[in-house]
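Q: next comes the sequence, and after it the predicted model I'd like to discuss.
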Amino acid sequence: MLFISKQGHVDHDRVRIRIFNAIEHGSMSVVHGIVVHQTGGSTAESTFNSYQQKGANGAHFLIDQDGTIYQTASLTRVTYHVGNIKSRCLETLQCSPVEIAASRKAFQGGYKALHQHEMTKSWPNRLPSNIDSIGIELVGVARVKGGEKLYDDPTAEQNASLKWLIAELAETLGIGKTEVYLHPAVSYKNPTEAQGAQW
């Protein structure tokens, strides 16, 4: 299990603390899930530079290509890493007829309208969102190939660190294995983002 300070910082030799206040957007009192992302950039430093901009988006952790784990936001703070969430019941095909109709009606208004509909629900009736999930970024380039944007696979070192970090966070915070997701599984993102991530 991890020791997490009152400030929400992990105290462990494998985790380097490098907090960016610009990506923290309010308090987070409960964690229901973990979402795994890829940066789209080639270096940790390029991501850190973006995290210093006012109103920046980011995640709680970043894993560099050599497997180095950085904590970039407090675990007691919200970060904007998920975006508009999908409908859990539509994704799992476990909707009541009433909920199917309500979700379809909301979706007619677009991703944001469906997200707003989903956020009227409490977890676990919806997917984890910005307000109750930890984000983990893997440094990884998104390259354009044949007119399509494709993410590079994470390195073996990244996957080893990701596996360790997710296991430790899940045990410490009581997060079930079914509540760990790739970004495209919870939001409308490039389907190749972090597709090679293993935990």
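A: Arrived safely.
Q: only C-alpha atoms for contact and neighbour calcs from this point on.
A: Noted.
Q: packing partners of the top helix by length along the chain?
A: For the chain, the helix that runs over the most residues, judged by DSSP state H, is helix 156-173. When contacts are defined as 3 or more C-alpha pairs under 8 Å, 6 or more residues apart in numbering; DSSP states H and E, helix 156-173 packs onto strand 61-63.
Q: average pLDDT across the strand it packs on?
A: Average pLDDT, strand 61-63: 98.
Q: pull up the pairing partners for the helix or strand following that strand, direction included.
A: Note on strand 61-63: by DSSP states H and E, the next helix or strand toward the C-terminus is strand 69-71. Looking at strand 69-71 with DSSP bridges, its partner strands are strand 15-17 (parallel), strand 61-63 (antiparallel).
Q: what about the helices in the protein?
A: Using DSSP H, the helices of the chain run over residues 44-51, 88-92, 97-107, 111-118, 156-173, 183-186.
Q: which strands and helices sit next to the fourth one?
A: Read that as helix 111-118. Against helix 111-118 (3+ C-alpha pairs under 8 Å, 6+ apart) you get helix 97-107.
Q: CA-only coordinates of the helix it packs on in CSV, if you can.
A: C-alpha atoms of helix 97-107 as CSV (Å, rounded to 0.1, in the frame of the first residue of the first chain):
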residue,chain,number,x,y,z
PRO,A,97,-35.8,0.9,-21.8
VAL,A,98,-36.4,4.2,-20.0
GLU,A,99,-32.7,4.9,-19.7
ILE,A,100,-32.1,3.9,-23.4
ALA,A,101,-34.6,6.5,-24.5
ALA,A,102,-33.2,9.2,-22.1
SER,A,103,-29.6,8.6,-23.2
ARG,A,104,-30.5,8.6,-26.9
LYS,A,105,-32.5,11.8,-26.4
ALA,A,106,-29.5,13.4,-24.6
PHE,A,107,-27.1,12.2,-27.3
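Q: counting by contacts, list what it packs against.
A: Other helices and strands packing on helix 97-107, by 3+ C-alpha pairs under 8 Å, 6+ apart, are helix 88-92, helix 111-118.
Q: just those: most buried one?
A: For these, average neighbour numbers computed from mean count of other C-alpha atoms under 10 Å are highest in helix 111-118, which has a mean of 18.
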